[in-house]
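Engineer: when you get a sec, could you give me coordinates for this:
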Amino acid sequence: MSKAHRGKGIRDQVSRGRGECPVCKRENVKLLYEQDAGGTKVKVCKTCRAAIKHGKKSLPAAS
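Structural biologist: Numbering: from 1, shown residues only. Reported below is the predicted structural model:
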């Protein structure tokens, strides 16, 4: 199984891939999953990615 979203694979990203999720507003979570928000790519956390996929949440409007 690939471990692209753990340790060594995220060390080259800004703040090691951590920040505030634009969907759920939680802070210091790993933002490793790209979602398309009106033509722009937005990085979201793992739980929000699953919720968006199943239609339970939606991405914020691109500004």
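
Engineer: list the contacts for the residue most central in space within the chain?
Structural biologist: In the chain, the residue lying closest to the centroid (C-alpha atoms, centre = their mean) is V44, at 1.8 Å. Each residue near V44 by C-beta atoms under 8 Å, 6 or more residues apart in numbering is listed here: C21, P22, V23, L31, Y33, E34, Q35, I52, L59. Every residue, glycine included, has its C-beta placed from N, CA and C.

Engineer: mind checking what secondary structure the third one has?
Structural biologist: In this case it means V23. Under DSSP: H, G, I helix; E, B strand; the rest coil, V23 falls in the coil class.

Engineer: state the distance from the nearest residue to it once chain neighbours are set aside to R11.
Structural biologist: Closest residue to V23 apart from its sequence neighbours, by C-beta to C-beta, 6 or more residues apart in numbering: C48 at 4.1 Å. Using C-beta to C-beta, to the nearest Å, we find C48 at a distance of 23 Å from R11.

Engineer: those two: who's more crowded?
Structural biologist: Neighbour count, other C-beta atoms under 10 Å: between C48 and R11, C48 has more, with 24 against 8.

Engineer: where exactly do the helices run in this structure?
Structural biologist: 7-10, 46-53 (DSSP state H).

Engineer: TSV please, covering those helices and showing distance to T40 and mean pLDDT.
Structural biologist: Output for the helices of the chain, formatted as TSV (distance: least, C-beta to C-beta, whole Å; pLDDT from 0 to 100):
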stretch	distance to T40	mean pLDDT
helix 7-10	21	83
helix 46-53	15	94
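
Engineer: which of the ones you listed sits most buried?
Structural biologist: Neighbour counts (mean count of other C-beta atoms under 10 Å) averaged over each of the helices of the chain peak at helix 46-53, with a mean of 16.

Engineer: elements contacting it?
Structural biologist: strand 33-37 (3 or more C-beta pairs under 8 Å, 6 or more residues apart in numbering; DSSP states H and E).
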